[in-house]
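predicted model and sequence follow; I will ask about them next.
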Amino acid sequence: MSDIVSRFFQVFEESRASASVQAVFGPPETRGEVTVIPVAAVRYGVGFGMGANTPEGTEEAGAQGLGGGGGAGTRVRPVAVIEITPTEIKVHPIIDYSRLIMAGVCALVWLAFLWSGVLKRFIASRTPAR
Amino acid sequence: MWHMRCGPWRYRVERGDPIQMGESRLFPIVRIWSWRRRRARIASQSLMAQGALMESIAPMAVVLERPGERRLVPILDLTRLLLWAIAGLCLAGTLAACRSLRLLSRSAGGEP
């Protein structure tokens, strides 16, 4: 049983070693005198769990309970492109406009909702009670 | 290159292998945030094992080395910076609204 656990941890360590600096900086592409290197931000996660139990007095194989599961996920997001010419080096950032617009709209809706409440209270406080 | 550890969290800055381009070399520098958990319990009747790892790797800068020249070029993640700016504005607006509501309810109650 401990072999299975060791194997699990080995796979776990291997997955950790596979992500490195090479995952962030792509291979350079040269066209004439210009070399371009894509740059990305990488995020990943792995997880697993397993358990086994043999109730006391039931030593036969069928009575043993064993279960386990695992999952993994990776996300790679482009960040910039590095352009290298014989005379200079330029970093062109990549901006995710759709994500920014979505975040901006959500923020505006939230603030409009909040400030409409403040405005309502302000108008109510200015109106003389009859 | 440099690392810091706090419980299961680990922050490190690493320099990758140089990328050779003719006479010039490019050294990538990245920052890595990681969180890991590893646990195993083996008893005579039962066994339990679990492990989890999360890692976030982002570019920080590149060092360009050419004959007679060595330059550090920072890499900014503009999308993330702008998202943080929006989050900051949102938080500031929320705090200002809460403060205004408190002042309004105080003045309505006749308190100084």
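Received the coordinates, thanks.

remind me which helix or strand the residue nearest the centre of chain B belongs to.
Centroid-nearest residue in chain B: residue B:33, 6.4 Å away (criterion: Cα atoms, centre = their mean). Assigned by DSSP states H and E, residue B:33 belongs to strand B:24-42.

angle of the following helix or strand past that strand against strand B:24-42?
Next helix or strand after strand B:24-42 toward the C-terminus (DSSP H and E): strand B:46-66. Strand B:46-66 runs at 170 degrees relative to strand B:24-42, counting by axes from the mean of the first three to the mean of the last three Cα atoms, to 10 degrees.

is the next helix or strand after strand B:46-66 anywhere near chain A?
Per DSSP H and E, strand B:46-66 leads on to strand B:69-74 as the next helix or strand towards the C-terminus. Yes. Applying Cβ under 8 Å from any Cβ of the partner chain, one finds strand B:69-74 touching chain A at B:71, B:73, B:74. (Each C-beta comes from the backbone N, C-alpha and C, glycine too.)

give the buried residues for strand B:69-74.
By neighbour count with 16 or more other Cβ atoms under 10 Å in any protein chain shown, strand B:69-74 contains no buried residues.

report the mean per-residue pLDDT for that strand.
Averaged over strand B:69-74, pLDDT sits at 91.

ditto for stretch A:71-83
Averaged over stretch A:71-83, pLDDT sits at 92.

how about it: buried residues?
A:79, A:80, A:81, A:82.

residue contacts, the last one?
So that's residue A:82. A:36, A:37, A:39, A:89, A:90, A:91, A:92, B:26, B:62, B:73, B:75 (Cβ atoms under 8 Å, 6 or more residues apart in numbering or on different chains).

and for the second one?
Contacts here follow Cβ under 8 Å, 6+ apart; on that basis residue A:80 touches A:39, A:91, A:92, A:93, A:94, B:59, B:75, B:76, B:77.

mind doing that once more with 10 Å?
A:37-41, A:90-95, B:59, B:62, B:75-79 (Cβ atoms under 10 Å, 6 or more residues apart in numbering or on different chains).

neighbouring strands - and their directions - for the host helix or strand of it?
Assigned by DSSP H and E, residue A:80 belongs to strand A:65-84. Looking at strand A:65-84 with DSSP bridges, its partner strands are strand A:34-53 (antiparallel), strand A:89-93 (antiparallel).

for the contacts of residue A:82, pick the one with the most neighbours.
residue B:62 (25 neighbours; other Cβ atoms under 10 Å in any protein chain shown).

can you give the domain ranges for the chain?
Since you didn't name a chain, this refers to chain A. As given by automatic domain parsing, the domain ranges for chain A are A:2-94, A:96-130.

ah, I was thinking of chain B
In the recorded assignment (automatic domain parsing), chain B comprises B:1-75, B:76-112.

next, count neighbours for the residue found closest to residue B:75 once you drop the neighbours it is linked to in the chain.
In space, residue B:75 comes closest to residue B:59 once its chain neighbours are excluded; the distance is 4.6 Å by Cβ to Cβ, 6 or more residues apart in numbering or on different chains. The tally of other residues near residue B:59 (other Cβ under 10 Å) stands at 25.
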